[in-house]
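Asker: Give me the fold of what follows.
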Amino acid sequence: MSRNPRQRKVRGRSRVGERYEALVGPVAHGGHCVVRVPAGDPDDETATRVVFTRHTLPGEVVVVQITEGTDGDRFWRGDAVEVLEPSRDRVTPPCSFSGPDRCGGCDFQHVSLPAQRDLKLDVVREQMVRLARMSPEDPLLAGLVVEPVPGDVDGLRWRTRGRFVDLGDGRRGMRKFRSTDVIEVDDCLIESLEPASHTVHGVAFQVAPGGFWQVHPGAPEVLVDTVLEMLDPRAGEAVLDLYAGVGLFGRFLAERVGAEARLVAVEGNSTAAGLAKRNLSGLAKVRVSAGDVAGVLGREYDEPFDLVVLDPPREGARRAVVDQVVDRAPRAVAYVACDPAALARDVALFAERGYRLTALRAFDLFPMTHHVECVALLER
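Answerer: As a prediction, this is how the structure comes out:
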């Protein structure tokens, strides 16, 4: 297989291209499963090496081909290039560009849609147990499901924004997984055939061309409804909207708390912050600040807030922001997360400061990929 992986320090003899027959273990965060193969240690013939393997399912017996790895690495990466004993959840990928050494845009084209959601659920639960230190028997985890969202067609035709490589002459391509190599793609099956709608519950939002907006058509309304249900805003409550984007959550929270209540929105992107001012215009006592969230909170708005909504990028809020939020003593925090590991880490940080996870929902906003969106409620 042709590979052009990211440059990294060489740690010994390369194992790229080697093949092993192996039983596939559990799913891991990132769109792959855990496989163990002989480590080739002459001093310990029982030693094994973890290979994070794509294009497979737990319980399958496959032939794994190593795509990244040397003797000195803690783990290797690989692709399942032959399936000797398939899972009952395996399906023929609907996209002809999916598979080993093909387009890297999707992780689970080979998995039935219900089983994809089960895999994502396993990942969310594992992250919450490992990083947030929750019990596996916690009712919030035991009752959790990854919920489908209206707006896709059997997991396809939902992505309203994508990044393609321009190949010239009207052709375009996608990169292979962890590679700069490009494969021409004439029809991406997860790409929406309709432009993105920026109208939510009858409210039209201004969004910059190419600016951030949820890519699944059903996401904005589902997330707004979930945040409102969890926070249960009351008239007169002060609201802090962090990583506010163009003001999606702030717009509806401001309506709930009323014209006399305070709402502060903080957004790191200056263009989005400017659009948030427009989208929130006409609502009394609304302020929008552009700048790094931790930096803005370190300088301004050092007063109590009743409600906080957090919608951080993939790396999460982190301690600096969590500490600033807790210092404002909100009664409830709604945390919208596109990465379960970052969410779990931040839930643990909130727990250190006396905030308990009291509600958790997960949504399949990115079918065919490993990504999953969660909304969590934290209360004092």
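
Asker: Next up, phi/psi of the nearest residue to residue 28 once chain neighbours are set aside, please.
Answerer: Excluding the flanking residues, the one nearest residue 28 by Cβ to Cβ, 6 or more residues apart in numbering is residue 34, at 5.2 Å. For glycine as for every other residue, the C-beta is placed from the backbone atoms N, C-alpha and C. Residue 34 adopts backbone torsions of phi -90, psi 120, taken as degrees, to the nearest 10.

Asker: Please identify the helix or strand for residue 88.
Answerer: In this structure, residue 88 sits in neither a helix nor a strand according to DSSP states H and E.

Asker: next one: residue 125
Answerer: Counting by DSSP H and E, residue 125 is part of helix 113-130.

Asker: by contact count, what packs against the next helix or strand after that helix?
Answerer: Reading on from helix 113-130 to the C-terminus, the next helix or strand found by DSSP H and E is helix 139-142. With contacts defined as 3 or more Cβ pairs under 8 Å, 6 or more residues apart in numbering; DSSP states H and E, the packing partners of helix 139-142 are helix 113-130, strand 356-363.

Asker: list the buried ones in the longest one?
Answerer: If I follow you right, that is helix 113-130. Across helix 113-130, burial judged by 16 or more other Cβ atoms under 10 Å covers 113, 115-129.

Asker: From these, pick the one nearest residue 303.
Answerer: Closest approach to residue 303 among these (Cβ to Cβ): residue 128, at 32.1 Å.

Asker: From residue 343, how far out is that closest one?
Answerer: Separation of residue 128 from residue 343 (Cβ to Cβ, to the nearest Å): 8 Å.

Asker: how long is stretch 181-193 from one end to the other?
Answerer: Using Cα to Cα, to the nearest Å, the end-to-end distance of stretch 181-193 comes to 26 Å.

Asker: which residues does residue 112 contact?
Answerer: 89-91 (Cβ atoms under 8 Å, 6 or more residues apart in numbering).

Asker: Include pLDDT when you put those into CSV, please.
Answerer: Converted to CSV, the contacts of residue 112 look like this (pLDDT from 0 to 100):
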residue, pLDDT
89, 98
90, 98
91, 98
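
Asker: Not including adjacent chain positions, what is the nearest residue to residue 125?
Answerer: Spatial nearest neighbour of residue 125, excluding adjacent residues (Cβ to Cβ, 6+ apart): residue 141 at 5.1 Å.
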